[in-house]
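Colleague: Return atomic coordinates for the entry below.
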Amino acid sequence: MNKKNVAVVMGGYSDEYKVSLKSGQLIYDSLDRDLYHVYKVVILKDEWYFLDDRGEKSPINKADFSVNLSSGFDVKFDVCFNIIHGKPGENGELQAYWDTIGQKYTGCNFYQSALTFNKKDTLAVLAKYGIPSAKSIYLRKGEPIDEDQIVKELGLPLFVKPNQSGSSLGISKVKEKAELNKALDFAFAEDDQILIESFLDGMEVSVGVVDFNGETIVLGITEIVPHKEFFDYEAKYEGASEEITPARIDDETRIRVEEIAKRAYDSLGMSGFSRSEFIIMDGVPFMLEMNTNPGFSPASILPQQAKIYGISIKDLCGNEVEKALRK
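Modeller: Below is the predicted model of the structure:
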């Protein structure tokens, strides 16, 4: 049998690259060696390289994403397994480049990546499909800011977040007007567009959705119980929250969350792994955002959900590669 060359592409340009390297390692370890030759490729701001078993680097040729090994042998990849969190693998840049050079890859296309990386635009598009989200105000850097108007419109407490940062960086919960200015500066440090949202007082859940064997399935609904005020970077990556799968919700609510999460995925024409965050208030799931390249380290939510759902990581990852090969 002719084994396919699969590059597991990890790293990225944001602080999330550390998580991406762990995610990449899990996928690298899990892919079926009877079917694939598996390679590690790391993409960082300063260098793109192939990493061999001895930890030696060889540069990636950006003209066709191939690598020239020290043995003088050129390797082209049949599929790139994209597991970069944040830029450039989650915002569409890498996908657009791969499309241009004719390289097959896993996950969604560049448009879906770019769209979902922009929280405001995602929620605006999904509103047309009847998917509720918090009341919000959008600001660009340099625009005049009327603090009284913001508080009047959204009430307190409220959330201030960068529109396009990946991993919960730059988010603040504002309880009184006096704290608003600092929160705006904090968010603008991450992005020059920010989103201010009314506070939704409810249960936060994280919903894994994937297209597996030709159908859109919800892998699981995980309840997030932050030990702090909300699910920030520290809670997400440094264990300052409890994650309960499946979430403690009644069947009626569960079915509603599953239906909305699938509808969001299908309406956007998504493919591959995704994880959407919702707050359930009075039985209604309000969408916060969708991640198209969610964490996939052993401690991450998606692999945990797959385990409970009963799909092995090997099958989950193999399904992605097979879909990409058929593109």
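Colleague: contacting residues for the closest residue to Arg263 other than its chain neighbours?
Modeller: Closest residue in space to Arg263, ignoring its immediate chain neighbours: Tyr129 at 6.1 Å, by C-beta to C-beta, 6 or more residues apart in numbering. Using the backbone N, CA and C atoms, a C-beta is placed for each residue, glycine as well. Contacts for Tyr129 (C-beta atoms under 8 Å, 6 or more residues apart in numbering) come out as Arg263, Ala264, Ser267.
Colleague: Return the list of helices and strands in contact with the helix or strand encompassing the first one.
Modeller: This points to Arg263. In this assignment (DSSP states H and E), Arg263 forms part of helix 251-267. Judged by 3 or more C-beta pairs under 8 Å, 6 or more residues apart in numbering; DSSP states H and E, helix 251-267 is in contact with helix 119-127, strand 203-212, strand 215-226, strand 274-281, strand 284-291.
Colleague: which of the residues in it are buried?
Modeller: For helix 251-267, burial by neighbour count (16 or more other C-beta atoms under 10 Å) applies to Thr253, Arg254, Arg256, Val257, Glu258, Ile260, Ala261, Lys262, Arg263, Ala264, Tyr265.
Colleague: Would you mind giving the domain segments of the chain?
Modeller: Following automatic domain parsing, the chain resolves into domains at 4-106, 115-131+202-292, 136-198.
Colleague: out of those domains, which comes closest to Gln305?
Modeller: Nearest to Gln305, of all those, is domain 115-131+202-292, at 3.2 Å by C-beta to C-beta.
Colleague: centre of the chain versus the closest one, how much separation?
Modeller: How far domain 115-131+202-292 lies from its chain's middle: 11 Å, per C-alpha atoms, centre = their mean, to the nearest Å.
Colleague: Equivalent analysis for stretch 18-34, please.
Modeller: Computed by C-alpha atoms, centre = their mean, the chain-centroid distance of stretch 18-34 equals 16 Å.
Colleague: Let me see the residues that make contact with it.
Modeller: 6, 8-12, 38, 40, 42, 81, 83-86, 89, 167, 237, 295-300, 303, 312-314, 317-318, 321.
Colleague: Any regions of the stretch 201-327 of the chain where pLDDT drops low?
Modeller: 228-240 (pLDDT under 70).
Colleague: Repeat the analysis, applying 80 as the threshold.
Modeller: Within the stretch 201-327 of the chain, the ranges that satisfy pLDDT under 80 run 227-240.
Colleague: Now tell me what touches stretch 8-17 from outside.
Modeller: So stretch 8-17 is contacted by 20-21, 23-25, 27-28, 31, 38-45, 80-90, 94, 105, 165-167, 169 (C-beta under 8 Å, 6+ apart).
Colleague: what sits against the residue positioned nearest the centre of the chain?
Modeller: Central residue of the chain (C-alpha atoms, centre = their mean): Asn291, 2.8 Å from the mean position. By C-beta under 8 Å, 6+ apart, Asn291 lies in contact with His85, Glu90, Thr116, Gly166, Ser274, Arg275, Ser276, Glu277.
Colleague: between those residues, which has the most around it?
Modeller: Sorting these by how many neighbours each has (other C-beta atoms under 10 Å) puts Ser276 first, at 30 neighbours.
Colleague: Return the residues in contact with that residue.
Modeller: Ser206, Val207, Val209, Ala261, Ala264, Tyr265, Met287, Leu288, Glu289, Met290, Asn291.
Colleague: still on that earlier bit, what's opposite the residue nearest to the centre of the chain in the beta bridge?
Modeller: Beta-bridge partners of Asn291, counted by DSSP bridges, are Arg275.
Colleague: Assess the claim that Ser58 and Tyr49 are in contact.
Modeller: Yes. Contact criterion C-beta atoms under 8 Å: Ser58 and Tyr49 qualify, at 6.2 Å.
Colleague: Looking at the two, which has the bigger crowd around it?
Modeller: Taking other C-beta under 10 Å, Ser58 and Tyr49 do not tie; Tyr49 has more neighbours (18 against 15).
Colleague: Next, the buried residues of stretch 188-204.
Modeller: Here stretch 188-204 shows 188, 190-191, 193-200, 203-204 as buried, counting by 16+ other C-beta under 10 Å.
Colleague: Export those to CSV and append columns for secondary structure and distance to Thr222.
Modeller: Below are the buried residues of stretch 188-204 laid out as CSV (DSSP: H, G, I helix; E, B strand; the rest coil; distance: C-beta to C-beta, whole Å):
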residue, secondary structure, distance to Thr222
Phe188, helix, 31
Glu190, coil, 25
Asp191, coil, 26
Gln193, strand, 29
Ile194, strand, 27
Leu195, strand, 23
Ile196, strand, 26
Glu197, strand, 21
Ser198, strand, 24
Phe199, coil, 21
Leu200, coil, 17
Met203, strand, 11
Glu204, strand, 9
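Colleague: can you tell me which two in those residues are farthest apart?
Modeller: Of all the pairs that the buried residues of stretch 188-204 form, the one spanning the most space (C-beta to C-beta) is Phe188 and Met203, at 29.8 Å.
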